[in-house]
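Participant: here are the coordinates; sequence isn't available:
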């Protein structure tokens, strides 16, 4: 596996977003592309919000970039998925509307019972958040929540962005179908970071 930092950094400087690996770049990398990626990552260093640079990276590398960016975590997970949709590389919402996801939500606290939730693929995480608050009788007027694409060690580094009770926030507009989930996949949801009401969500079934 090639060192991503060395492969895209002809100037020898250390880049925050360049110290990771992208194995598949070996077959597509050209000197021009290497310089373009270097410039994109350098610009990301100077910005508080890296999403425009993620979008440029996706446009440059093509649709295969999504899995690589997610697995190598060059950028925050939520930023990658938001940029993915903005870049127009995602499945069309009309197609996702015909896809139904059935989730089972398991609470970490005994006071709650597990619940089954069904969503169309074109729904957004703000709708998912609202439904979880409703079925578990969680405070719908206060407290931030967030989804995380992991459940084991390091799960808290896979956050998709906060969602506020009014349906706003970095993670609110991410589309369920863009998460690229498969049956059996598990991820986490937290409501109220003070009390940390945590739930494990398992995708039980996808119906097209």
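Facilitator: Now that the structure is in, tell me what you want to look at. Note that the structure is a prediction, hence the values are computed from the model and not measured. Numbering: from 1, shown residues only.

Participant: Excluding chain neighbours, what is closest to residue 156?
Facilitator: The shortest distance from residue 156 to any non-neighbouring residue, by CB to CB, 6 or more residues apart in numbering, is to residue 148 (6.4 Å). For every residue, glycine as well, the C-beta is placed using N, CA and C.

Participant: Please read the previous query as pertaining to residue 116.
Facilitator: In space, residue 116 is closest to residue 104, 5.6 Å off (CB to CB, 6+ apart).

Participant: go on, residue 49?
Facilitator: In space, residue 49 is closest to residue 79, 7.6 Å off (CB to CB, 6+ apart).

Participant: any idea which helix or strand carries the one you found?
Facilitator: Using DSSP states H and E, residue 79 falls within helix 77-86.

Participant: which helices and strands sit right next to that helix?
Facilitator: Packed against helix 77-86 by the contact rule (3 or more CB pairs under 8 Å, 6 or more residues apart in numbering; DSSP states H and E) you find helix 51-61, helix 65-72, strand 159-163.

Participant: re earlier: beta partners for the residue nearest to residue 116?
Facilitator: Judged by DSSP bridges, the bridge partners of residue 104 are residue 116, residue 202.

Participant: gap between it and residue 136?
Facilitator: 13 Å (CB to CB, to the nearest Å).

Participant: quick one, helices of this protein?
Facilitator: Secondary structure of the chain (DSSP state H): helices located at 4-8, 25-28, 31-46, 51-61, 65-72, 77-86, 93-96, 125-135.

Participant: of all those helices, which lies closest to residue 208?
Facilitator: When the helices of the chain are compared by CB to CB, helix 93-96 sits nearest residue 208, at 9.2 Å.

Participant: check contacts around residue 134.
Facilitator: Contacts for residue 134 (CB atoms under 8 Å, 6 or more residues apart in numbering) come out as residue 140.
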